[in-house]
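Colleague: this is a predicted model, with the sequence first.
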Amino acid sequence: DRLVYDRKRLTDLFEFDYQLEMYKPAAKRRWGYYALPILSGDRLVGKLDAKADVRAGVLRVHAVHEDSHFDAVTREAVDAEIAALGRWLELDVVRGS
């Protein structure tokens, strides 16, 4: 996506550290194989490490990485968006696996 394509600009504008880690050995990953940026309003606030397991019929949420502590409103909004993603994919959301 164009928002995160230019990593230097992303860091300069949003102070958001982001890298695709799929090509790193698992032991060297900070956020996960293909962690997605989390946008809250006009701020990038964290990364979502999740995988759609279509065969099992689940969206596996391995972790939600908070760049800074989520307040209750942000936490609820992120949880609601994860649930919406699961519905859109027609998968049940499973956390922590």
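Modeller: Yep, that arrived. Computed from a predicted model, the values in this text were never measured in an experiment. Residues are numbered from 1 along each chain as shown.
Colleague: the residue nearest in space to the middle of the chain bridge partners, please.
Modeller: By CA atoms, centre = their mean, the chain has its centre lying nearest to residue 48, at 1.7 Å. Counting by DSSP bridges, residue 48 is bridged to residue 36, residue 64.
Colleague: list the contacts for it?
Modeller: For residue 48, the contact set (CB atoms under 8 Å, 6 or more residues apart in numbering) comprises 35-38, 61, 63-65, 78, 82. Using the backbone N, CA and C atoms, a C-beta is placed for each residue, glycine as well.
Colleague: report the two of those separated the most.
Modeller: The largest separation in the contacts of residue 48, counting by CB to CB, is between 37 and 61 at 15.1 Å.
Colleague: all helices for the protein, in order.
Modeller: 2-5, 7-14, 72-89 (DSSP state H).
Colleague: relative to residue 22, which of those helices is closest?
Modeller: Per CB to CB, nearest to residue 22 of the helices of the chain: helix 2-5, 14.3 Å.
Colleague: contacts for the closest one?
Modeller: For helix 2-5, contacts defined as CB under 8 Å, 6+ apart pick out 10, 18, 37, 39.
Colleague: of these, which is the nearest to residue 24?
Modeller: Nearest to residue 24 among the contacts of helix 2-5, with distances taken as CB to CB, is residue 18, at 13.4 Å.
Colleague: any idea how far the closest one is from residue 25?
Modeller: As judged by CB to CB, to the nearest Å, residue 18 and residue 25 stand 19 Å apart.
Colleague: which one of those two has more residues nearby?
Modeller: Comparing residue 18 with residue 25 by other CB atoms under 10 Å, the one with more neighbours is residue 18, at 18 against 7.
Colleague: so that one makes contact with residue 6?
Modeller: No: contact criterion CB atoms under 8 Å: residue 18 and residue 6 do not qualify, at 10.7 Å.
Colleague: rounded mean pLDDT for stretch 53-66, please.
Modeller: Mean pLDDT, stretch 53-66: 96.
Colleague: quick one: distance of it to the chain centre.
Modeller: From the chain centre to the centre of stretch 53-66 is a distance of 10 Å (CA atoms, centre = their mean, to the nearest Å).
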